[in-house]
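**Q** give me coordinates for this.
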Amino acid sequence: MTVNRRSFLKAAGLGAIGLTLDRMARGAKDGEASRPNVVLLMTDDQGWGQTGYYHHPVLKTPALDAMAANGLRLDRFYAGAPVCSPTRASVLTGRANDRTGVPSHGHALRLQEKTLSAALKAAGYATGHFGKWHLNGLRGPGVPVLKDDSHSPAAFGFDEWLTVTNFFDMNPVMSRKGQFEEFSGDTSAIIVGEALTFIGASVKAGKPFLAVIWDGSPHSPWVASDADRKPFASLDARSQHHYGELVAFDRAVGVLRKGLRDLGVADDTLVWYCSDNGGLSGIKPDTVGGLRGNKGSVYEGGLRVPGIIEWPARVKPRITRYPACTMDIFPTVADILKLPKTVLLEPVDGVSLVPLLAKEIAKREKPIPFRFHRKGALVDNNHKLVADIPRESFQLYDLEADPKESRDIAAAEPEVFRKLKSAFLEWNATVDASVAGKDYPEGTVREGEPTSHFWRDDERYKPFFEQWKARREYAGQLKPKDRTRKKPRRRK
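**A** Numbering: from 1, shown residues only. Below is the predicted model of the structure:
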């Protein structure tokens with residue numbers, strides 16, 4: 001399938017029937033208008049500093065800038081973890097990643113978890129997932145998700161899905177509910193176009209929708225079109241492609257927003273945009289806006305990401321520095337829809353941001369917790385505790401006075417330090433219980449959850465290897481391994 005400009009805009013358009021479809025969506029049942037549509041839009045490895053509205057020195061993002069100007073700009077928004085799969089788990093569950101069985105990238109979300117997609121499907125929403133999944137236990141470049149995969153999007157409540165296991169670039173092969181399809185063109189354009197087709201069908205059917213659009217950009221190996229990388233000709237080749245992918249993503253954001261307007265549903269659609277973790281090192285100019293750390297770190301550069309909530313019917317444009325995170329997404333949507341508290345699995349680490357949508361809130365009552373491998377963190381408004389968990393070593397920072405986390409103030413603020421350290425250790429113990437399965441009705445983790453592994457070692461994918469050897473993104477994975485042992489050098 002070729003996705004060119006004409007077919008992309010055609011998928012996004014449908015403007016001639018927009019008003020009629022809008023009336024169908026609004027008037028199907030009493031109270032239908034109180035059930036907004038939901039679009040969750042996420043990039044892959046976009047750093048906090050990589051937007052035009054944060055005055056990036058070379059990158060222009062006019063669509064994101066317009067979205068930020070028309071919505072709630074979240075200047076202190078955090079990914080649930082400093083790498084991809086864990087944050088995705090936090091989005092769908094409202095819980096810290098370790099609780100869900102996803103301690104790092106390429107781990108599977110446990111089937112015992114309760115998810116946003118399953119809750120909205122049960123509430124009568126059409127549900128669709130488009131793009132990167134990375135919650136089925138597979139590592140390596142993104143490959144199409146198999147139809148019989150026990151942890152596909154279908155297992156977590158998605159009716160429709162066009163998905164790959166991990167990052168993906170230009171001209172991908174993807175899985176439409178288990179059927180492999182080859183596409184031509186930019187991946188951001190492809191998945192947004194497909195999402196708009198799904199959205200249009202949902203509106204025509206008079207159903208509210210949840211569309212989860214998880215892009216693969218700007219994750220390595222970075223393949224941008226010549227036109228998109230041209231503005232960055234003075235940069236090294238890797239940075240050119242990286243920023244070129246963000247140009248393509250921003251263009252797709254513009255098409256998505258226009259598509260929602262053309263369908264007549266923009267006002268009653270909550271669009272929540274963010275990245276899955278902090279920016280990358282080695283890309284020039286800086287990806288994290290001068291913050292400390294990068295992807296993989298629990299310092300601000302690894303966790304803080306751009307975030308915007310656009311919902312014209314309910315949210316007036318403004319900028320907030322209220323701390324928020326991806327764990328807040330499920331609780332917020334559940335609160336908006338007045339779903340029973342039982343749709344979320346306790347303990348829940350996020351909070352509902354519904355009060356924040358209406359007005360500014362001075363203080364977040366519940367700190368934001370993080371745990372990733374040996375490291376941890378706890379953000380309590382302007383204070384942040386950073387932990388080396390096995391060593392029980394802790395640092396305390398004042399993010400308002402010291403946003404770059406350069407001065408440990410634990411000794412200067414002993415009472416705050418004691419309070420946050422105690423709170424973190426108490427929370428950490430509850431996470432250990434979650435890891436053991438104590439949150440589930442069975443009191444344990446069910447057997448049969450997949451272990452993290454590379455798809456090249458998975459027997460189910462071997463029938464495709466011969467065909468995939470010719471594909472740029474898979475060729476390196478499928479080269480025969482050199483098993484010859486090198487002879488040790490003799491010392492002279």
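**Q** against Y273, how distant is the closest residue to G307 other than its chain neighbours?
**A** In space, and not counting its chain neighbours, G307 is closest to F77: 2.9 Å by C-beta to C-beta, 6 or more residues apart in numbering. Where C-beta positions appear, they are placed from N, C-alpha and C, glycine not excepted. Separation of F77 from Y273 (C-beta to C-beta, to the nearest Å) stands at 10 Å.
**Q** identify the contacts common to the two.
**A** Shared contacts of F77 and Y273, defined by C-beta atoms under 8 Å, 6 or more residues apart in numbering, are found at P306, G307.
**Q** now the helices for the stretch 151-300 of the chain?
**A** 187-204, 226-229, 237-262, 300-303 (DSSP state H, counting those that start in this stretch).
**Q** most packed of those helices?
**A** Counting by mean count of other C-beta atoms under 10 Å, helix 300-303 has the highest mean neighbour count of the helices of the stretch 151-300 of the chain, with a mean of 28.
**Q** just the mean pLDDT for it, thanks.
**A** Helix 300-303 shows a mean pLDDT of 98.
**Q** tell me the helix or strand right after it.
**A** Remark: after helix 300-303, the chain's next helix or strand is strand 304-305, criterion DSSP states H and E.
**Q** can you list the strands that that following strand pairs with?
**A** The partner list of strand 304-305 in its sheet, established with DSSP bridges, is strand 77-78 (antiparallel).
**Q** residues contacting the partner strand, please?
**A** 274, 303-307, 323-326, 368, 370, 379.
**Q** pull the most distant pair out of the residues you listed.
**A** P306 and F370 (17.9 Å; C-beta to C-beta).
**Q** look at those two and report which has more neighbours.
**A** The neighbour count for P306 versus F370, taken as other C-beta atoms under 10 Å, is higher for F370 (31 against 25).
**Q** would you mark the buried spots in stretch 105-118?
**A** Of the residues in stretch 105-118, 105-110, 112-118 count as buried by neighbour count, 16 or more other C-beta atoms under 10 Å.
**Q** same check on stretch 407-421?
**A** For stretch 407-421, by 16+ other C-beta under 10 Å, it's I409, A410, E413, V416, F417, L420, K421.
**Q** straight-line length of that stretch, end to end?
**A** Taking C-alpha to C-alpha, to the nearest Å, stretch 407-421 runs 17 Å from one end to the other.
**Q** now do it: distance to the chain's middle.
**A** Distance of stretch 407-421 from the chain centroid (C-alpha atoms, centre = their mean, to the nearest Å) equals 32 Å.
**Q** for it, what is the average pLDDT?
**A** Averaged over stretch 407-421, pLDDT sits at 98.
**Q** and which of the contacts of strand 77-78 is nearest L399?
**A** Closest approach between those and L399, by C-beta to C-beta: V379, at 7.7 Å.
**Q** mind telling me what element that closest one is part of?
**A** According to DSSP H and E, V379 maps onto strand 375-380.
**Q** and H107, what does it touch?
**A** H107 makes contact with S85, P86, G101, L135, G137, S452, according to C-beta under 8 Å, 6+ apart.
**Q** let me know the helix or strand that the residue lying closest to V102 once chain neighbours are set aside is in.
**A** Excluding the flanking residues, the one nearest V102 by C-beta to C-beta, 6+ apart is A89, at 4.0 Å. Assigned by DSSP H and E, A89 belongs to helix 84-93.
**Q** what is that helix packed up against?
**A** In terms of contacts (3 or more C-beta pairs under 8 Å, 6 or more residues apart in numbering; DSSP states H and E), helix 84-93 is packed against strand 37-43, helix 116-122, helix 329-336.
**Q** closest to G254 out of the buried residues of stretch 407-421?
**A** Of those, the one sitting nearest to G254 (C-beta to C-beta) turns out to be L420, at 41.5 Å.
**Q** show the pLDDT at the residue nearest to G307.
**A** With respect to pLDDT, F77 scores 98.
**Q** what does S34 give?
**A** 71.
**Q** look at it and say how many residues are nearby.
**A** Close neighbours of S34, defined as other C-beta under 10 Å, add up to 10.
**Q** again, but for P57
**A** Other residues lying near P57 total 8 when counted by other C-beta under 10 Å.
**Q** list the contacts for the spatially closest residue to it that is not a sequence neighbour?
**A** Spatial nearest neighbour of P57, chain neighbours left out: P285 (5.2 Å); criterion: C-beta to C-beta, 6+ apart. Contact criterion C-beta under 8 Å, 6+ apart gives H56, P57, V58, S239 as the residues in contact with P285.
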